[in-house]
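K.L.:
quick one, fold the following:
(2 chains)
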Amino acid sequence: MAIRGAGGGSIAVMKRVVALIAFFSLLFILFTSVAFAQVQTQLRVIRASNVGQGVDSSLKELHNELKTLFNFTSYRLLRDENLNLSLNQPVSISARERRIIMEITLMGRHKNVAELRIRVNREGTEILNTQVRLSPGRTVLIGGPKVREGVIIYAFYAHF
Amino acid sequence: MKDFCSSVSKLLEKYFDQEVTDKERLLVEGHLQDCPACRDALRSMEELRTLIKVPVEEAAQKEDFPWVWQKIEREIRSQEKLTWWQSLRPWLGLSPLLKKKIWIPAVATIMVLLFISAQIFFKKIPSYSGASVVEYVESETNNVMVYDLEKARVTVIWLFEEPEEEVSPS
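P.N.:
Okay, here's the model as predicted:
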């Protein structure tokens, strides 16, 4: 019968422990870096006009703000998107037959603030370029691009 | 021949105990055919074994082994019972973990991980509470207005755009 050295077993266990620690460390670093490089944002594309009356039921929580800020009589939700933004990866959203295109890019992420660069293009021409700091509980409205029946309003909300 | 005989005689005991390799066995058996002295030596070993074996077997038959086993079992049962942690530790293979050369690197690694995570999670970030929500805004084609409704935490960026030119069908 072979006699194993007294330290052989503990060295093997140590190697296993070190390998496990290294594996979980890598997993942890990977997870935190990925988690901090992504931001969940909700974007609503609203058409505001003076044609007709009423606010879409899905815009109920925005109703008061819209009525306080603007003089339109009708608000219709055109799109409701949950965007998963990655650092420096632009995401394009089109409205009204793709003539108005919004490009959103996550420029940075701090603990509870996401820096978004937003560009609005009409038929290939940039009409607006801005960078905003979005945080939970805050709404950023970008409006004004004309459409036949009124204007487009983009509403941004943070989900992180 | 005498030298060869003495070298084979060293293997003879191993041969007798059936511990030789095939090559050694052939060598010894070949030599035994030609060497009466070695044959005698082997025969002596067999006789000696028989002499020892018989009394030992007789003594073993007289011995009461079930009684010995009962005594051993009693001894095992009378031993102090292990605590749940003592019985769990070998099963988990944790005992080597308690050695310094394991837990010192493990604790060091955990400390480094905690330090890194503290840097990430508790990093002193610039306060944006007083800073503007809009970092910059520009438009080469239209006027732009920025309006903050601080009570409702709403920021409005409004682009004053001319109405779209309608293409009238002719």
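K.L.:
for the rest of this, base every contact and every neighbour count on C-alpha atoms.
P.N.:
Will do.
K.L.:
could you point out which element follows the helix-or-strand element of chain B with minimal mean pLDDT?
P.N.:
One helix or strand of chain B scores below all others by mean pLDDT, DSSP states H and E: helix B:84-92, with a mean of 67. Using DSSP states H and E, the helix or strand that follows helix B:84-92 towards the C-terminus is helix B:100-121.
K.L.:
centre of the chain to that next one, how far?
P.N.:
From the chain centre to the centre of helix B:100-121 is a distance of 21 Å (Cα atoms, centre = their mean, to the nearest Å).
K.L.:
pull the CA atoms of it into CSV?
P.N.:
Extracted in CSV, the C-alpha atoms of helix B:100-121 (Å, rounded to 0.1, in the frame of the first residue of the first chain):
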residue,chain,number,x,y,z
LYS,B,100,-2.6,28.6,8.2
LYS,B,101,-1.3,28.1,4.6
ILE,B,102,-4.9,27.8,3.5
TRP,B,103,-6.8,30.4,5.4
ILE,B,104,-4.1,33.2,5.2
PRO,B,105,-4.3,33.4,1.4
ALA,B,106,-8.1,32.9,1.5
VAL,B,107,-8.5,35.8,4.0
ALA,B,108,-6.1,38.0,2.0
THR,B,109,-8.0,37.3,-1.2
ILE,B,110,-11.3,38.1,0.5
MET,B,111,-9.8,41.4,1.9
VAL,B,112,-8.7,42.3,-1.6
LEU,B,113,-12.1,41.5,-3.0
LEU,B,114,-13.8,43.6,-0.3
PHE,B,115,-11.4,46.5,-1.0
ILE,B,116,-12.2,46.3,-4.8
SER,B,117,-15.9,46.1,-4.2
ALA,B,118,-15.8,49.0,-1.7
GLN,B,119,-14.0,51.1,-4.4
ILE,B,120,-16.8,50.3,-6.8
PHE,B,121,-19.9,50.6,-4.5
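K.L.:
where does chain A dip in pLDDT?
P.N.:
A:1-14, A:30-36, A:96-98 (pLDDT under 70).
K.L.:
up against chain B, what does it have?
P.N.:
Residues of chain A lying near chain B by Cα under 8 Å from any Cα of the partner chain: A:9-10, A:13-14, A:17-18, A:21, A:25, A:65, A:110-111, A:113, A:126-134, A:137-148.
K.L.:
could you redo the last one with a cut-off of 6 Å?
P.N.:
A:10, A:14, A:127-133, A:138-144, A:146 (Cα under 6 Å from any Cα of the partner chain).
K.L.:
which of these fall within strands?
P.N.:
Among those, the members falling in strands (DSSP state E) are A:127-133, A:139-144, A:146.
K.L.:
I'd like those residues laid out as JSON lines, including neighbour count.
P.N.:
As requested, those are arranged in JSON lines below (neighbours: other Cα atoms under 10 Å in any protein chain shown):
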{"residue": "A:127", "neighbour count": "21"}
{"residue": "A:128", "neighbour count": "24"}
{"residue": "A:129", "neighbour count": "17"}
{"residue": "A:130", "neighbour count": "18"}
{"residue": "A:131", "neighbour count": "20"}
{"residue": "A:132", "neighbour count": "22"}
{"residue": "A:133", "neighbour count": "23"}
{"residue": "A:139", "neighbour count": "21"}
{"residue": "A:140", "neighbour count": "23"}
{"residue": "A:141", "neighbour count": "22"}
{"residue": "A:142", "neighbour count": "22"}
{"residue": "A:143", "neighbour count": "23"}
{"residue": "A:144", "neighbour count": "21"}
{"residue": "A:146", "neighbour count": "22"}
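K.L.:
the residues you listed: which two are farthest apart?
P.N.:
A:133 and A:146 (25.0 Å; Cα to Cα).
K.L.:
quick one: the helices in chain B, in order.
P.N.:
In chain B, the segments counted as helices under DSSP state H are B:2-16, B:22-34, B:36-62, B:65-78, B:84-92, B:100-121.
K.L.:
what's the second one in contact with?
P.N.:
It stands for helix B:22-34. residue B:39 (Cα atoms under 6 Å, 6 or more residues apart in numbering or on different chains).
K.L.:
next, the buried residues of that helix.
P.N.:
B:24-25, B:28, B:31-32 (16 or more other Cα atoms under 10 Å in any protein chain shown).
K.L.:
return the member of those nearest to residue B:105.
P.N.:
residue B:24 (52.6 Å).
K.L.:
measure that closest one to residue B:11 for me?
P.N.:
Per Cα to Cα, to the nearest Å, residue B:24 is found 8 Å from residue B:11.
K.L.:
next: residue B:38.
P.N.:
11 Å.
K.L.:
need the overlap of contacts for those two.
P.N.:
Between them, residue B:38 and residue B:11 share no contacting residue under Cα under 6 Å, 6+ apart.
K.L.:
can you tell me the SS state at residue A:77?
P.N.:
Recorded secondary structure, residue A:77: strand (DSSP: H, G, I helix; E, B strand; the rest coil).
K.L.:
just want the angle from whichever strand or helix holds residue A:47 to strand A:139-147.
P.N.:
In this assignment (DSSP H and E), residue A:47 forms part of strand A:38-49. Put simply, strand A:38-49 runs at 50 degrees to strand A:139-147, going by axes from the mean of the first three to the mean of the last three Cα atoms, to 10 degrees.
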